[in-house]
Each structure stands twice: as structure tokens, then as C-alpha cells.
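# Using only what follows, build the 3D model:
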Amino acid sequence: MFGQWLNRRTLLQLGPATLVSFLSATCSRGLTQKGSNSTAQALSPTPACGTDEATLSQTAGPFFTPNSPERQSLLEPGLSGTPMVLTGQVLSSQCVPIAGALVDCWHTNNQGEYDNRGYTFRGHQFTDAEGRYRIETIVPGIYSGRTRHFHIKVQAPNQPVLTTQLYFPEESANQGDFLFNPALVMSVDDKESAKRATFDFILAVV
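Reported below is the predicted structural model:
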């Protein structure tokens, strides 16, 4: 059921989402070439609820795998990498928490490689009554041509899928990544031996 629900909506949205993300990223790149990441983020902050602005969509890329396991922790024995916890809420543009929203995450391993045969560093979950999600994983590696990032799909019940990517602040490769957008930068803190990041998704639900 999950796979049919997600795939059907993903196929309907893939073309427009890819076009919108490319245009948004191209404009963003033009802004960031003249200043630092911090300056670009100040010019284009992450949308907040109450402003009628939704989280920006971006392409899913070629490595999405449907029917990932339902789990909060993507950590597995024997896998190397810096531990990281990503948390946040899924909210409507009117600041209402969305319970039962799908949050699907996938990313590379520590060496910048995707698992395209299994489900390593892939998983989905559903938000709690307060719209909260929690992803336990590692800091993804970098593969050629891209900066460090997470792939995310978010879907409120019976609503369209938001496909997007989340980025790390102060990454040297951000400037050269044509998809990078400062509006999708997470807030990241180093806590002892692990990183903690936050990002709230704002959905234009009807």
C-alpha cells in the first residue's frame, strides 16, 4: 500500500518538481557566487509557517528506491560515519502540526555511495501527533558533482508529495552545486561525538 501510494504521486509530480528545482537552484547559484553561504542564507531564509510559503521542492535524483523500511534509525552495525540526528516538524502553512505525515529519507554512505540494491541509509516514518519526526543516521559522504545532502520526501495524508533535498551549512562544495539552495540548509550543531540538526517542513495542504 505504501509503495503504491507514494509511487503514484511521485510519477505525477516528477516532471514539474524537477523543472521548478532547477530554476530555483539556478537563481540561488547566481546569488551565492557573490557572497558567503551565511550571506546567502540571510537573503533567503528557510520558509516559516504563517507566511504562506511552502518548503521548496527539488529533484529526487536517479537513486530513489520505493518501499523502504519503516524506521527512525538508519544506523546499522559495521557502518562507519559520524553519527547524526535530524529532527523537526511537518507543519501546514498555517502552523498546524500534521500528524501521520510520511517522511522518507535516503542518502549516501560515508564514502559517498548509494545502496541501489538494498536499503542501507534508506527509511521512512510517519510523524507523531505533534507533527514531529526523528531520523538517526550518519553524516552522508560526498559524491562527484554534488555537495553533502539528504534526499527527503514528505507527504501529508491524502496530499501531494513534496520531494526535496536538505543541505549542510558552510560546506565548501555548496557554492559549486547547481542544485544547492540556501533555503534548504539545516540548522546543525556539533554535540560531543555526534551532530544534531533541525529542519521544519512547511506543506501547502488543502
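# hey, where'd the strands end up in this structure?
For the chain, applying DSSP state E gives strands covering 83-92, 102-106, 122-126, 132-138, 149-155, 161-167, 187-191, 194-198, 201-203.
# If I average pLDDT within each of the ones you listed, which one is lowest?
For the strands of the chain, mean pLDDT drops lowest on strand 187-191, to a mean of 89.
# contact partners of that one?
If you take C-beta atoms under 8 Å, 6 or more residues apart in numbering as the criterion, strand 187-191 is touched by 168-169, 195-199. (C-beta placed from N, C-alpha, C; glycine too.)
# please redo it, this time with the cut-off set to 10 Å
Strand 187-191 has contacts (C-beta atoms under 10 Å, 6 or more residues apart in numbering) with 46, 82-86, 88, 139, 166-170, 195-200.
# Give me the angle between that strand and strand 194-198.
160 degrees (axes from the mean of the first three to the mean of the last three C-alpha atoms, to 10 degrees).
# Pipe the strands of the chain into JSON lines and attach mean neighbour count and distance to Ser57 per row.
Below are the strands of the chain laid out as JSON lines (neighbours: other C-beta atoms under 10 Å; distance: least, C-beta to C-beta, whole Å):
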{"stretch": "strand 83-92", "mean neighbour count": "20", "distance to Ser57": "15"}
{"stretch": "strand 102-106", "mean neighbour count": "23", "distance to Ser57": "14"}
{"stretch": "strand 122-126", "mean neighbour count": "20", "distance to Ser57": "18"}
{"stretch": "strand 132-138", "mean neighbour count": "19", "distance to Ser57": "18"}
{"stretch": "strand 149-155", "mean neighbour count": "23", "distance to Ser57": "10"}
{"stretch": "strand 161-167", "mean neighbour count": "24", "distance to Ser57": "5"}
{"stretch": "strand 187-191", "mean neighbour count": "12", "distance to Ser57": "20"}
{"stretch": "strand 194-198", "mean neighbour count": "16", "distance to Ser57": "20"}
{"stretch": "strand 201-203", "mean neighbour count": "25", "distance to Ser57": "11"}
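# Which stretch among those approaches Asn181 most closely?
Smallest distance to Asn181 across the strands of the chain (C-beta to C-beta): 7.4 Å, for strand 161-167.
# Can I get the closest one as PDB, trimmed to CA atoms?
This file holds the C-alpha atoms of strand 161-167, laid out as PDB (Å, rounded to 0.1, in the frame of the first residue of the first chain):
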ATOM      1  CA  VAL A 161       4.300  14.500  -2.200                       C
ATOM      2  CA  LEU A 162       6.900  17.200  -1.600                       C
ATOM      3  CA  THR A 163      10.300  15.900  -2.900                       C
ATOM      4  CA  THR A 164      13.300  18.000  -1.800                       C
ATOM      5  CA  GLN A 165      16.900  17.900  -0.500                       C
ATOM      6  CA  LEU A 166      18.500  19.200   2.700                       C
ATOM      7  CA  TYR A 167      21.900  20.800   2.800                       C
END
